[in-house]
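Enquirer: starting from these lines, generate the structure:
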Amino acid sequence: MAVPENVGVLYEDCSVYVDAGDGSTVITWLKERLGAGGGGQNLTVGPLQVSGVHNDYPTGRKAHPFEFLEWLTVLECETPAEAEPGAVVAAVTLVLETLWKGGWKAVAACGFEDELPARGGSERYPLPSSSEALTQAKTGRWKGLLVRGGKRKRNSV
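Expert: Model (predicted):
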């Protein structure tokens, strides 16, 4: 099945965020499953050259478990400018689906994520809306008080 190319979309790079402690583990795991080549901590999947790097952007804050920008590993996927868009989409799809089948949380961030399954993973790991997050935060506070029996240390005046 041919994937229609989005006008104005660049297919030369894509970042796949993975909820994993280190990129070399993910790359090695993918190589074993895909039989993909590539030297060292890189692998080749179709036209993609994939390398696993540490995500330099996480803040370390306690974020929602689906806040993929806080995940520690990023797979940097690069292709030559002349790569066929359909082949690029197919290769990124293969990487994502392999990770998902293996139980890894992964989300692609790129200009063509709407051409990927589950919109690159964002539909698999939805973040709550602002109002839901506020409700969950309030509920979490009350659950915490119930678990501790409602007892809190108070500063004496």
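Enquirer: with adjacent residues omitted, what lies nearest to Ser122?
Expert: Leaving aside its sequence neighbours, Ser122 sits nearest to Val107 (Cβ to Cβ, 6 or more residues apart in numbering; 5.9 Å). For the C-beta atoms, the positions are set from N, CA and C on the backbone; glycine is no exception.
Enquirer: where does the one you found fall, secondary structure wise?
Expert: Counting by DSSP states H and E, the element that carries Val107 is strand 106-109.
Enquirer: please name the bridge partners of Glu76.
Expert: Beta bridges link Glu76 to Ser15, Ser51 when assigned by DSSP bridges.
Enquirer: quick one: low-confidence parts of the protein?
Expert: Along the chain, segments meeting pLDDT under 70 span 1-7, 37-39, 58-64, 129-157.
Enquirer: which parts of it are strands?
Expert: 13-18, 42-45, 48-54, 73-78, 106-109 (DSSP state E).
Enquirer: list the contacts of the fourth one.
Expert: For strand 73-78, the surrounding residues in contact (Cβ atoms under 8 Å, 6 or more residues apart in numbering) are 12-23, 26-27, 48-55, 91-92, 95, 106, 110.
Enquirer: next, format the strands of the chain as JSON lines and append mean neighbour count.
Expert: JSON lines is the format used below for the strands of the chain (neighbours: other Cβ atoms under 10 Å):
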{"stretch": "strand 13-18", "mean neighbour count": "23"}
{"stretch": "strand 42-45", "mean neighbour count": "19"}
{"stretch": "strand 48-54", "mean neighbour count": "19"}
{"stretch": "strand 73-78", "mean neighbour count": "21"}
{"stretch": "strand 106-109", "mean neighbour count": "23"}
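Enquirer: just send these back as JSON lines, with distance to Pro117 too.
Expert: Formatted as JSON lines, the strands of the chain follow (distance: least, Cβ to Cβ, whole Å):
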{"stretch": "strand 13-18", "distance to Pro117": "13"}
{"stretch": "strand 42-45", "distance to Pro117": "15"}
{"stretch": "strand 48-54", "distance to Pro117": "16"}
{"stretch": "strand 73-78", "distance to Pro117": "15"}
{"stretch": "strand 106-109", "distance to Pro117": "10"}
